[in-house]
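> here is my input, please return the structure:
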Amino acid sequence: MSKQTATQNANGHNRSVFVILLAGILCAGIASLFYEVLWVRQLGLSLGSTAVANSIMLSAFLGGLAIGSAIMGRRADHLKHPARVLCIIEIAAGIVGVLSIPALGAAGHAYVFLANAWGAVGTWGMILRAVFSLIVMLIPAILFGLTFPLTTAIGGKLVAGQTAAGLVSAISSFGSAAGALICGLWLEPALGISASAAVGAGFNLLSAVFALLIAFLIGRMIFVEH
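Numbers count the residues shown, from 1 in each chain. Have a look, this model is predicted:
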């Protein structure tokens with residue numbers, strides 16, 4: 001086999017694995033917006049205000065994404081097995097995502113207890129509720145934030161760096177939009193909050209399976225510099 005043929009075959013394998021990576025990113029994006037919709041629903045029940053629920057959820061979600069991206073952005077290119085790390089993160093995100101729903105309910109009970117003990121009403125009561133809710137949602141949001149620089153780093157080894165970054169961002173955004181639409185308009189009204197969270201976790205686990213497959217394939221591949 002000539003060097004040119006070997007290079008073409010390696011490029012073909014790289015692109016195939018990159019498609020699998022995009023499928024995993026799509027599933028992760030769907031899952032992340034499932035949880036976002038469900039958090040608003042759960043918060044609305046405990047806070048009694050959709051506007052406040054949206055504000056708290058967005059603060060936790062965007063703040064967690066920023067923290068996660070900052071943490072992984074400095075490490076992603078130096079990881080020896082990034083796909084394995086991605087698999088672990090997706091499994092953790094699914095577990096924490098499911099647990100976040102009852103945790104928000106528990107946070108509401110904790111708020112009531114402390115509010116009665118401290119006499120926290122009005123503005124202070126709202127702040128207390130926001131703090132409890134932020135703590136619960138921040139953990140899964142940080143896990144979501146870890147995935148973007150990690151998947152971009154993996155993609156950059158498979159295709160050209162600019163292509164990887166652009167497609168990772170596009171597919172993640174598309175998955176997020178699809179997740180919000182599916183969960184908000186159909187799944188949550190049909191199944192309820194807890195069952196919908198379990199479906200979201202299923203997408204996380206499917207993304208973890210794709211990441212595990214990528215880890216296996218990368219171990220058998222010869223990379224071509226892009």
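
> what residue lies at the spatial centre of the chain?
The structure's the chain has its C-alpha centroid closest to Phe144; by Cα atoms, centre = their mean the separation is 3.0 Å.

> ok, the nearest residue to that residue once chain neighbours are set aside - contacts?
Counting by Cβ to Cβ, 6 or more residues apart in numbering, the nearest residue to Phe144 once its immediate chain neighbours are dropped is Ser32, at 4.8 Å. From N, CA and C alone the C-beta is placed, and that goes for glycine too. Residues counted as contacts of Ser32 (Cβ atoms under 8 Å, 6 or more residues apart in numbering) are 93, 144, 175-176, 179.

> which parts of stretch 84-100 are buried?
84-87, 89-94, 96-100 (16 or more other Cβ atoms under 10 Å).

> can you tell me which of those residues is closest to Met57?
Ser100 (11.0 Å; Cβ to Cβ).

> could you check how far the helix or strand encompassing that closest one is from the centre of its chain?
Using DSSP states H and E, Ser100 falls within helix 82-118. Relative to its chain's centre, helix 82-118 lies at 14 Å (Cα atoms, centre = their mean, to the nearest Å).

> all helices of this protein, in order?
For the chain, the helices defined by DSSP state H cover 3-47, 50-73, 82-118, 122-158, 161-182, 188-191, 193-218.

> what's the angle between the first one and helix 122-158?
Which is helix 3-47. 170 degrees (axes from the mean of the first three to the mean of the last three Cα atoms, to 10 degrees).

> quick one: mean pLDDT for helix 3-47?
Helix 3-47 shows a mean pLDDT of 82.

> and if you look at stretch 103-118?
Rounded mean pLDDT across stretch 103-118 is 69.

> hang on, isn't Gly175 packed against Gly24?
No: the criterion here is Cβ atoms under 8 Å, and Gly175 misses it with Gly24 at 9.9 Å.

> looking at the two, which is more packed in?
Gly24 (29 against 24; other Cβ atoms under 10 Å).

> the closest residue to that one other than its chain neighbours: neighbour count?
In this structure, Gly24 finds its nearest non-sequential neighbour in Phe210, 3.3 Å apart by Cβ to Cβ, 6+ apart. Look at Phe210: counted by other Cβ under 10 Å, it has 22 neighbours.

> and the pLDDT at Phe210?
Per-residue pLDDT puts Phe210 at 97.

> which residues sit in contact with it?
20-21, 23-24, 27.

> do the same with Gly202
Contacts of Gly202 by Cβ under 8 Å, 6+ apart are Gly94.

> and for the one 10 residues further on?
For Leu212, the residues meeting the contact criterion (Cβ under 8 Å, 6+ apart) are 83-84, 87.

> now do 10 Å
Shown in contact with Leu212 (Cβ atoms under 10 Å, 6 or more residues apart in numbering): 24, 83-84, 86-88, 90-91.

> now swap in Ser173 and tell me
Counted by Cβ under 10 Å, 6+ apart, Ser173 has contacts 25, 29.

> against Val199, how distant is it?
20 Å (Cβ to Cβ, to the nearest Å).

> brilliant, that's me finished.
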